[in-house]
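J.: Fold the following for me, if possible:
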Amino acid sequence: MSEVQRMNDSRSTLDAALVARLVGEVVQRLRDAGATQSASTTRAGGSPPPAAGSAPAPVATAAPAVSPGGHVLADHVVTLAVLERVPAGMRRVVVGARAVLTPSAREHAADTGIEIVRQAGTPTTAGAAPRMFLVAHAACPADPSAKMAAIARAIPGTQRLPTTGLADVLAALAIHAGRDGARAVLLTGRPHLAVAAANRHASLRAVTGHDAIRVKGAVAECAANLLVLDPAALSSIALERLCSDLMLVADATPPTELAAAPSTACGCKGKHH
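T.: Now for the predicted structure:
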């Protein structure tokens, strides 16, 4: 054998040894990684470590947000597309207290047997019709159609009443409030007159105001179901927020002062009594 051939054979042996050593190191590192993953799994869920020489444990993927009460959705507007992302087999979905469910989402929930629960704790049956919300206007100096459209976009399913006189609009609102439990907003350039006229109807509890903070306070104080607002005094964004809040606020018992007319006789001694 020549000297060159001996050198080639020696180099081949060294190369094979180097490759074998590198392969061994890679295998050992994979085993070490598998042991680390197994130990982490054991601490989290109590699973035993894999046997020596077994393949590394797969890396766990993040699970969707699920609470003990069901699958939690953080979306402010729950649409059909949002519900379609709920994991298969999940039959209880938790949404935010102020989340808005679109009609298509409700229909999908009813068809698939999904129960929708608000975080405030009030269950909403999947097939139940959403609360009726009405928007109307009367005695407006300027055309409020753009702001009415903005309210309708903010509250899916909003129904718009025909434009008639103030008395007729209030009569229609009173019927829907008493029969359907509807809530509504009336846009008018004469808000104080409209509130006084609206509150002559037993089914209506109307409030008004020129800024969002006072209107919210009035709604809470009176358990109002009708907002009477001047569209010239509030922006579209403010109107949308006030109407959304009225739509989503939980039912409350009206104050005793609004429950019934006083039944006690007047104690005055004047000649007019």
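
J.: where along the stretch 101-250 of the chain do the strands fall?
T.: With DSSP state E, counting those that start in this stretch as the criterion, the stretch 101-250 of the chain has strands at 115-118, 123-124, 133-137, 159-160, 183-187, 206-208, 226-229.

J.: Select from those the stretch with the lowest mean pLDDT.
T.: Mean pLDDT values for those show the minimum at strand 123-124, a mean of 47.

J.: How about Cys207, nearest residue that isn't a chain neighbour?
T.: Slight slip there: residue 207 is Val, not Cys. Among residues not flanking Val207 along the chain, Ala218 sits closest, at 3.7 Å (C-beta to C-beta, 6 or more residues apart in numbering). Quick note: C-beta positions are derived from backbone N, CA and C, even for glycine.

J.: what's the pLDDT at that neighbour?
T.: Predicted confidence (pLDDT) for Ala218: 95.

J.: which stretches of this structure have low pLDDT?
T.: Within the chain, the segments meeting pLDDT under 70 span 1-23, 26-69, 98, 120-130, 260-273.

J.: and it, what are its domains?
T.: According to automatic domain parsing, the chain comprises the domains 66-124, 133-258.

J.: hang on, the earlier thing: nearest to Ala99, out of the strands of the stretch 101-250 of the chain?
T.: Nearest to Ala99, of all the strands of the stretch 101-250 of the chain, is strand 115-118, at 7.2 Å by C-beta to C-beta.

J.: I'd like the strands of the stretch 101-250 of the chain written out as CSV, with mean neighbour count and distance to Thr102 added.
T.: Shown next, in CSV, are the strands of the stretch 101-250 of the chain (neighbours: other C-beta atoms under 10 Å; distance: least, C-beta to C-beta, whole Å):
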stretch, mean neighbour count, distance to Thr102
strand 115-118, 18, 12
strand 123-124, 14, 13
strand 133-137, 22, 13
strand 159-160, 14, 15
strand 183-187, 26, 18
strand 206-208, 24, 28
strand 226-229, 27, 22
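
J.: Tell me which of these approaches Met90 most closely.
T.: Ranking these by distance to Met90, with C-beta to C-beta as the measure, places strand 115-118 first at 10.0 Å.

J.: neighbouring strands for that closest one, and are they parallel or not?
T.: Its sheet considered, strand 115-118 pairs with strand 92-95 (parallel), strand 123-124 (antiparallel) by DSSP bridges.

J.: picking up where we left off before, deepest of the domains of the chain, which one?
T.: Greatest average neighbour count among those goes to domain 133-258 (a mean of 18), per mean count of other C-beta atoms under 10 Å.

J.: end to end, how far does that domain reach?
T.: 22 Å (C-alpha to C-alpha, to the nearest Å).

J.: Do you have the helices of the stretch 101-250 of the chain handy? List them.
T.: For the stretch 101-250 of the chain, helices defined by DSSP state H, counting those that start in this stretch occupy the ranges 103-112, 145-154, 166-180, 191-198, 212-222, 236-248.

J.: Select, out of those, the one closest to Ala139.
T.: Closest approach to Ala139 among the helices of the stretch 101-250 of the chain (C-beta to C-beta): helix 166-180, 5.3 Å.
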